Every structure is written in C-alpha cells, then in structure tokens.
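Asks: requesting a structural model of the entry that follows:
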Amino acid sequence: MSTESVDVSVVLPAYNEERTIRGTVETTLTTLESFLPAGTFEVIVAEDGCDDRTPDIADEMAAADDRVRHFHSDERLGRGGALERAFEASHGDTLVYFDTDLATDMKHLEELVESIRTEGYDLATGSRWMAGREADRPAKRGIPSRGFNFLTRLFLRSDLRDHQCGFKAFDREAFLALQPEVEDNHWFWDTEMLVKAQRRGFRVKEFAVDWEPKGDTKVDLVRDVFGMGSQILRTWWELSVSPRVNRRVSLVAGTLLSTVAILLMAFYYLEWEVVLDHMGAADPVFVVAAAVVYLVSWPIRGLRYRDILDTIGYDSDTRFLTGAIFISQTGNLVFPARLGDGVRAYVMKVRRRVPYPSGFASLAIERVFDLLTIAGLAGAVMLALVATGSADDIAAALAGEAVPQEYAQYRSAAEYASYVAAGVGIAAVAAVTAIFASARSDRDLVSPFVARLSDDSYAIVVVNVIRGFVTDVQAVTKDGKAFAVVGSTSLLIWTLDVVTAMVVMAAVGIDLPLALFVTVGFFAVSVGNLAKVLPLSPGGIGLYEGAFTVFAVGLAPGISVELAIAAAVVDHAVKNVVTILGGLVSMVSLNVSLTTALEESSEAREAAEPAGQE
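Replies: Model (predicted):
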C-alpha cells in the first residue's frame, strides 16, 4: 500500500488487550472498507508497554496485512502519550482514535471520519450525553462522568457535553497546531485538546453515539478521577488566571503573602503584646548581628545542596542553588504543608533539568542530614549534662517544673516538643541506618513491596520512580567522602543557627556564664527545631517557642520566662524575616514567580503517578 494514498489513519491505543485486539483490528478494517476506497486508510496499533501477548499479535497482523502497523513502547506512555506518538508517525490527513473495547457502536465510524474528511471540521467527538443516543452508563461510571463534564464546562467554559468519550477524530493540521499546547499525557489529554481547540476557534463537532460498556473500566475512580480534577484546576489556572499574572503581580502577591505570614506569627500564634514589648526592648545592634550570622548560613546551604546534587549526577552553581533554597523556604513559610519543597523541585527541573524524583530525593537527603545533625547536637548536649551530674536538671526542664503555672501552655508545648523531638531524632537515626544497609545490598526491595500493595498495571512505573528516588538517596550515603562533606556542612549550618539564637539571647538581656550559655543555646534550639517537624501548636504556642522557653528556663534558673519568650520570638522572627527577604530578592534576581512555581509544581505530584489506559 502506498503511503501517499493514505487519507485516514486510525489509531488503536492498546494496553494488555491480547483477548480482544485481533477482533478489534478486523472489525475496524471491515468497517473502514464499507465507506472508504481501498488503499486510503491504515490502522495503527499503539501498543503501550504491554506485558501480555498483545505485541506478538499486533506484529502478526502487521506482517499479514500492509494496512496494519504496530508501534511498540517498552515503557508506559499513557493514553495521550501513545496517541501522540502514533499520530505523529501516521500518514493520513484525518486522524482517528477509539477505545479498543469498541464500546461505541461502529456504525458511527463513518460519521466520525467524514466530519473531518468531507465536512471540514477540525475536531469531532462522540457524545454519550447528548439527546438521541443510547448509552448504558452504570452508576460507577455515570456519576463521576457527569461530575467531570460539569466541572469542565463550568471552569473551562467548554460547550461540549462529553469530553471523555473514547471516539474522536482530528484534522492533521489542527492536531499539530494543538499538540504543543497540551501538557497532559494521560486521561485528561483529549479533554485538554478539546478545550484548547475551542479557545483557539477551531471547529469542533459533537454528535450522539450509542455506547455500551465492555468489561470493567481501567480508570481508577480515586486516582484518575481526582487526578483529572487537579488537571481541570491546572488548565483553568493556565487559561484564565495565568494570562493576568505578570511579574509585578507575582512579586506583589508574594510580598503580601509573606507579610501576612509574619503578622500571623507575631499577632495570632503568639501573645502579640509580649512580642511587641520584648522586640522593642531588644538591642538592635545584636538583632542585626544575629541576622548577619544567620544570613551567612545560607550560602553554606547552597554549597551543601551543590554537593548533594553533584553526588547524584547533576551540576549547578552555589549562587543559583542558594536562591532556589531561599525561594523554597519562603514558600514553606507562606504556604501550608511544606509546599515550598515542591516549588524547589519545580525550579530545579525547569532551570537545571533535574527530574522530579531526583529533585525530591535531593530534598530528602538534605532533610535527613538536617534532622540527624540536630538530633546529634541535642544528644551531645544531653550526654554532656548527664556526664557532669546535671541529669536532674534535664528531668526538671523536660517536666517544665521551673515554669510558673500561668505559663502552663508553654509546659504543654514543651511536653509535646520533647516527645516529637525524641521521635524525630530516633527516626532520623533509623532512616540513615536503613539507607546505609540498603545501599550495600543488591536486593531489589522496592518491587516486592509495591507489588504487595497493588497489582495495578501501573505498578512497574511506580517501582521505577521509587527506585530512582532510593538510588539517589543511597548515592550520598554510600559515598564516604560525600557523606562526610555533607555532614560537615550540615553541622556548620546548624551551629550557625544556634549561634544566631545565642546572639538574640544576648540582645534581649540574657546574661549567663559561657558554658551555660552554650548549653542552653544548643539544647533549646536543637529540641525546638526537631519539634518543628510536626505542625502541632498546643495552646496556640508554637512548638519551637514553647520548647525554647521551657528548656532555657529549666536549664538556667536565672532566666525569667519573659526573657526566654522574648528570645524565642525574636530568634524565630529574625530567621523568618531573613528567609523571606532572601526569598523575595531571589525571586527577582532569578526571575521566578512563587505563585507560578507553586502552581506548576503540581507536576511534581503527578510525576509520581504513572500513565494508564482505559
């Protein structure tokens, strides 16, 4: 068959269809023969990383009939990815696809093809929700489908009734014009194509079809439906919000959000009268000195991050990485649930081509070293106190006995902080131990674990993502030199963090012997930082402030509760202000919008969700 004569290309996206693919191809060929001249059409089996006999059967049909072609993929591309690959390699000017289960009655194939081929439409799609169709929609499929289509029409201003019917056709020129604008490669692919086609003024035809479900759907009602919901929000942001957000708007929004974060910290989560009084009494020279000390730790953070990335195979410069850390930590202050971590993963992917699994692995390595270092500092101080006969002082501090009853909320916060700090410290040590052990083993522990959780066809993709993540984490722990370098810089970073707090303590008037000054600073700051891992705030008091206050008072009876509170608040405020100002400067210098980066970082979560088939 001459490829020049091919006018219509039909693509059948197939995943593990060994029982039906032969019959589907034969039915497709017979139907096309009924209304198209011989030699003017082709059928392409877009086989998407199957692990059954589908590839062998497709090869047999392609060898026996020159109208049939087979495209194989060793890895899962997803429905959208498989369709794009096949359409790009097809020969026809009219591009068609439908689900291989033939749920849509094939009597509609001629109308679908001719809508593009002779009627001049750019896109055509069958509809199970238009009047005049016969469609058996069980509640399991019908309710989510109606909800999805309603939200698509509401948020994305689509005029269509059914966006997900697997029975569509495209004019090649329209497809090539729209393809670069479509970001999804999974179930939302064709919806995004239809929505953006309408926005750009392409002619779209929707017509009623008879439809009957064949077998069980391969759409996971939890994973895929909620995933498509997030895609609706992403596309809404892209089409309706993003065009109105320029660099100035982003900078103003980031500044306002950052200001709100500081105000909440000072006036809501803490007793604002105390905050204002003690901040006003603090020596401004010492406060500025504390900010300078804390600022010095940031380039060291960038240097450490550079060493981590270098170990897992990615090069970057310290200045850029310091800015990326500033931006992500600002995001963590402004947005809940540590969404700033996703922002950093996004920045590293877009600006330094670090894949999301490696980006999150580098963050995990950084976090493990942070927790291990802080736990080590707290443990070392505790052992030193025990060795010098101060075990009773530690017990009293942990119990909050030195804190008056009117500050009971600080006792509560310290009690929570003690439990959390101990648990986090143990978990950090256990994590490093487990990583060390696994790094020296050739056994694949990931695949069996995921297999026990799910027999879903996407499991192999999940395994590959997790395995890549684990491999990157192990790369640092099994490299003795890298471990020592990253460990040393981590120790320096957190020592500067403690020194910042000690300078603040001096700023508010805390006067202690040097040894006790250092002891209080290292133990109170270390336990407070370990406690911050969990977002608990008993009595409205932050865990960091509560832990810092109780341990400072308990270990150094000469410190009043008011002074300890002042030190904790000013210390936290200095560090947050430095972080936010550094984040704003980095956003401007690196031309990164925090709000845009946060939205785009949703890809990070989707990257861990493999593509699939219906």
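Asks: what helices and strands are in contact with the helix or strand where Leu176 lies?
Replies: Secondary structure from DSSP states H and E places Leu176 in helix 172-178. Under the contact definition 3 or more Cβ pairs under 8 Å, 6 or more residues apart in numbering; DSSP states H and E, helix 172-178 sits against strand 94-98, helix 189-199. Heads up, the C-betas are built off the backbone N, CA and C, glycines and all.
Asks: same thing but 10 Å
Replies: For helix 172-178, the packing partners by 3 or more Cβ pairs under 10 Å, 6 or more residues apart in numbering; DSSP states H and E come out as helix 78-89, strand 94-98, strand 123-127, strand 167-171, helix 189-199.
Asks: quick one: the helix or strand following the third one to strand 123-127, angle?
Replies: To tie it back to what came earlier, the one meant is strand 123-127. Where DSSP H and E defines the elements, the next helix or strand beyond strand 123-127 is helix 139-156. For helix 139-156 against strand 123-127, the angle by axes from the mean of the first three to the mean of the last three Cα atoms, to 10 degrees is 140 degrees.
Asks: can you give me the buried ones in helix 139-156?
Replies: For helix 139-156, the buried set under the neighbour-count rule, 16 or more other Cβ atoms under 10 Å, comprises 141, 144-145, 148-149, 152, 155-156.
Asks: quick check: mean pLDDT of that helix?
Replies: Average pLDDT, helix 139-156: 76.
Asks: does anything pack onto it? Which helices or strands?
Replies: Judged by 3+ Cβ pairs under 10 Å, 6+ apart, helix 139-156 is in contact with helix 189-199, helix 223-236.
Asks: could you pull out the helices for the stretch 201-350 of the chain?
Replies: Using DSSP state H, counting those that start in this stretch, the helices of the stretch 201-350 of the chain run over 223-236, 247-267, 272-281, 284-311, 318-334, 339-352.
Asks: quick one: mean pLDDT over stretch 526-538.
Replies: So the average pLDDT for stretch 526-538 ends up being 61.
Asks: quick check: closest non-adjacent residue to Glu548.
Replies: No, residue 548 isn't Glu; it's Phe. Excluding the flanking residues, the one nearest Phe548 by Cβ to Cβ, 6 or more residues apart in numbering is Ala568, at 3.9 Å.
Asks: what comes up buried for the helix or strand in which that neighbour is found?
Replies: Per DSSP H and E, Ala568 falls inside helix 561-590. With burial defined by 16+ other Cβ under 10 Å, the residues of helix 561-590 counted as buried are 561-580, 582-584, 586-587.
Asks: now swap in stretch 59-67 and tell me
Replies: 61-62, 67.
Asks: same deal with stretch 69-85?
Replies: So, applying 16+ other Cβ under 10 Å, buried residues of stretch 69-85: 69-71, 73, 76-85.
Asks: as CSV, the residues you listed with pLDDT and distance to Ala38 would be great.
Replies: Converted to CSV, those look like this (pLDDT from 0 to 100; distance: Cβ to Cβ, whole Å):
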residue, pLDDT, distance to Ala38
Arg69, 95, 17
His70, 93, 21
Phe71, 90, 23
Ser73, 82, 30
Arg76, 74, 35
Leu77, 77, 32
Gly78, 77, 34
Arg79, 79, 30
Gly80, 84, 32
Gly81, 86, 32
Ala82, 87, 28
Leu83, 91, 26
Glu84, 91, 28
Arg85, 90, 27
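Asks: in TSV, list these along with distance to Gly509.
Replies: As requested, the buried residues of stretch 69-85 are exported to TSV (distance: Cβ to Cβ, whole Å):
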residue	distance to Gly509
Arg69	81
His70	79
Phe71	74
Ser73	69
Arg76	63
Leu77	65
Gly78	62
Arg79	66
Gly80	64
Gly81	64
Ala82	69
Leu83	69
Glu84	67
Arg85	69
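Asks: which one among the residues you listed gets closest to Val486?
Replies: Nearest to Val486 among the buried residues of stretch 69-85: Arg76, at 34.3 Å, using Cβ to Cβ.
Asks: want to throw the helices and strands packed on helix 172-178 into a markdown table with distance to Gly313?
Replies: Converted to a markdown table, the helices and strands packed on helix 172-178 look like this (distance: least, Cβ to Cβ, whole Å):
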| stretch | distance to Gly313 |
| --- | --- |
| helix 78-89 | 25 |
| strand 94-98 | 38 |
| strand 123-127 | 42 |
| strand 167-171 | 39 |
| helix 189-199 | 31 |
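Asks: out of the ones you listed, which comes closest to Leu372?
Replies: Nearest to Leu372, of all the helices and strands packed on helix 172-178, is helix 78-89, at 38.2 Å by Cβ to Cβ.
Asks: what's the angle from that closest one to strand 167-171?
Replies: Relative orientation of helix 78-89 versus strand 167-171 (the same axes, to 10 degrees): 40 degrees.
Asks: tell me which other helices or strands helix 78-89 touches.
Replies: Packing partners of helix 78-89 (3+ Cβ pairs under 10 Å, 6+ apart): strand 8-14, strand 41-48, strand 68-73, strand 94-98, strand 167-171, helix 172-178, helix 189-199.
Asks: repeat that with 8 Å
Replies: On a contact count with 3+ Cβ pairs under 8 Å, 6+ apart, helix 78-89 meets strand 8-14, strand 41-48, strand 68-73, strand 94-98, helix 189-199.
Asks: closest to Ser127 out of the helices and strands packed on helix 139-156?
Replies: Using Cβ to Cβ, these put helix 189-199 closest to Ser127, at 11.1 Å.
Asks: what bridges to the closest residue in space to Cys165 that isn't next to it in sequence?
Replies: In space, and not counting its chain neighbours, Cys165 is closest to Gly126: 4.6 Å by Cβ to Cβ, 6+ apart. Judged by DSSP bridges, the bridge partners of Gly126 are Phe207.
Asks: how near is Gly126 to Lys205?
Replies: Between Gly126 and Lys205 the computed distance is 10 Å (Cβ to Cβ, to the nearest Å).
Asks: neighbour count for these two, which is higher?
Replies: Neighbour totals were compared for Gly126 and Lys205, and Gly126 leads with 28 against 19 (other Cβ atoms under 10 Å).
Asks: hang on, the earlier thing: okay, the helices and strands packed on helix 78-89 in TSV with distance to Ile57 next?
Replies: As requested, these are exported to TSV (distance: least, Cβ to Cβ, whole Å):
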stretch	distance to Ile57
strand 8-14	9
strand 41-48	9
strand 68-73	9
strand 94-98	18
helix 189-199	25
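Asks: out of those, nearest to Asp122?
Replies: Of all the helices and strands packed on helix 78-89, it is helix 189-199 that lies closest to Asp122, at 6.5 Å by Cβ to Cβ.
Asks: what does that closest one rub up against?
Replies: Applying Cβ atoms under 8 Å, 6 or more residues apart in numbering, the set of residues contacting helix 189-199 from outside is 78-81, 83-84, 122-123, 125, 152, 156-160, 163-164, 166, 168, 170, 174, 178, 181-184, 204, 228, 231, 235, 239.
Asks: how about stretch 55-74?
Replies: Taking contacts as Cβ under 8 Å, 6+ apart, the residues outside stretch 55-74 that touch it are 1, 14, 18, 21-22, 25, 29, 41-49, 82, 85-86, 89.
Asks: and for stretch 293-300?
Replies: Stretch 293-300 is contacted from outside by 318, 322, 325-326, 489, 492-493, 496-497, 499-500, 503, 574-575, 578, 582, using Cβ under 8 Å, 6+ apart.
Asks: do that again at 10 Å, thanks
Replies: With Cβ atoms under 10 Å, 6 or more residues apart in numbering as the test, stretch 293-300 has contacts from 318-319, 321-323, 325-326, 329, 489-490, 492-504, 571, 574-575, 577-579, 581-582, 586.
Asks: buried members of the residues you listed into PyMOL, please.
Replies: In PyMOL, this line selects whichever of these come out buried by 16+ other Cβ under 10 Å:
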select buried, resi 318+321+322+323+325+326+329+489+490+492+493+494+496+497+498+499+500+501+502+503+504+571+574+575+577+578+579+582+586
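Asks: quick one, which of the helices and strands packed on helix 139-156 gets closest to Val476.
Replies: Nearest to Val476, of all those, is helix 223-236, at 31.3 Å by Cβ to Cβ.
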